[in-house]
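*Asks:* give me the fold of what follows.
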Amino acid sequence: MGSTFFSFLGRMKYINRWALMRNTFEENLSTHSFEVAAIAHMLALIANRRFGKQYNAERAAAIGLYHDMPEILTGDLPTPVKYFNKDIVSAYAAVESAACEKLLGALPEDLREDLSPMLIPQKEDAELRRLVKAADKISAYIKTIEERHAGNTEFLAAEKSTRERIEALELPEADVFLREFIPAFEMTLDQLSDE
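*Replies:* Sure thing, here's the model as predicted:
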């Protein structure tokens, strides 16, 4: 039998996010991962152009693309559960690490070294992973805005707290993203088309 890696990857579309909340529309892991990758890429570009950084934007995008892949095996553990206490955080980290190893084992041996840094954090990627973390939170924030626009008040508290968590990261590139890209999410398609 050949590699099962992409068969696992294809299952991301079956993992729904926000399980503890009433959703107007479902968001799956594939959609979220694409959005995180695109946002992480843009955050790196903003940092490079406007703040003199030298991030590898394509690597940031790749890390973002694969950042939640372990959830194929673990499921999407809701944030209030995942961070309930330090014992759960530690136990979940061990489960997530085992999932990463299982997924890497699904690759042909000669490709594992190339994908390993996307799934297992590397010291040299610490700054890029901060960008991916910000992108992950921005993606969640966008979801809360979209739910509010659909009339779902279930996400109002999450919208406020997610925005606060993004601002608490103190990443100037994330602040730029919030200021320059987020306001358009308040617009209708007709308004966007007229801009």
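
*Asks:* if you rank every helix and strand of the chain by mean pLDDT, what lands last?
*Replies:* helix 79-82 (a mean of 67; mean pLDDT, DSSP states H and E).

*Asks:* hmm, residue 162 is touching residue 147, no?
*Replies:* No. Counting by CB atoms under 8 Å, residue 162 stays clear of residue 147, with 11.4 Å between them. C-beta coordinates here come from the backbone N, C-alpha and C atoms, glycine included.

*Asks:* average pLDDT across stretch 91-106?
*Replies:* Mean pLDDT, stretch 91-106: 86.

*Asks:* what's the answer for stretch 160-171, then?
*Replies:* Stretch 160-171 comes out at a mean pLDDT of 96.

*Asks:* sort out which residues of that stretch are buried, please.
*Replies:* 162, 163, 166, 169, 171 (16 or more other CB atoms under 10 Å).

*Asks:* in helices, which of those residues fall?
*Replies:* 162, 163, 166 (DSSP state H).

*Asks:* skipping adjacent residues, who's closest to the last one in space?
*Replies:* When the adjacent residues along the chain are set aside, residue 166 lies closest to residue 137, with 4.9 Å between them (CB to CB, 6 or more residues apart in numbering).

*Asks:* look up how far residue 4 lies from that neighbour.
*Replies:* Plainly put, residue 137 is 31 Å away from residue 4 if you go by CB to CB, to the nearest Å.

*Asks:* again with residue 160
*Replies:* Computed as CB to CB, the residue 160 to residue 4 distance reads 41 Å.

*Asks:* please apply the same query to residue 41.
*Replies:* With CB to CB as the criterion, residue 41 and residue 4 are 28 Å apart.

*Asks:* same deal with residue 13?
*Replies:* Distance, residue 13 to residue 4, by CB to CB: 16 Å.

*Asks:* same check on residue 108?
*Replies:* Residue 108 is 11 Å from residue 4, by CB to CB.

*Asks:* more neighbours: which of the two?
*Replies:* Using other CB atoms under 10 Å as the criterion, residue 108 and residue 4 rank with residue 4 on top: 13 against 9.

*Asks:* what sits against that one?
*Replies:* Contacts for residue 4 (CB atoms under 8 Å, 6 or more residues apart in numbering) come out as residue 106.

*Asks:* pLDDT score assigned to the one residue sitting closest to the centre of the chain?
*Replies:* Ranked by distance to the mean C-alpha position of the chain (CA atoms, centre = their mean), the top residue is residue 136 at 3.2 Å. Looking at residue 136, its pLDDT reads 97.

*Asks:* skip the chain neighbours and tell me the closest residue to it.
*Replies:* residue 36 (5.3 Å).

*Asks:* what element comes up after whatever helix or strand that neighbour lives in heading to the C-terminus?
*Replies:* Residue 36 belongs to helix 29-51 when assigned by DSSP states H and E. Going down the chain from helix 29-51, the next helix or strand is helix 57-66, by DSSP H and E.

*Asks:* buried residues in that next one, which are they?
*Replies:* Under the neighbour-count criterion of 16+ other CB under 10 Å, helix 57-66 has 57, 59, 60, 61, 62, 63, 64, 65, 66 buried.
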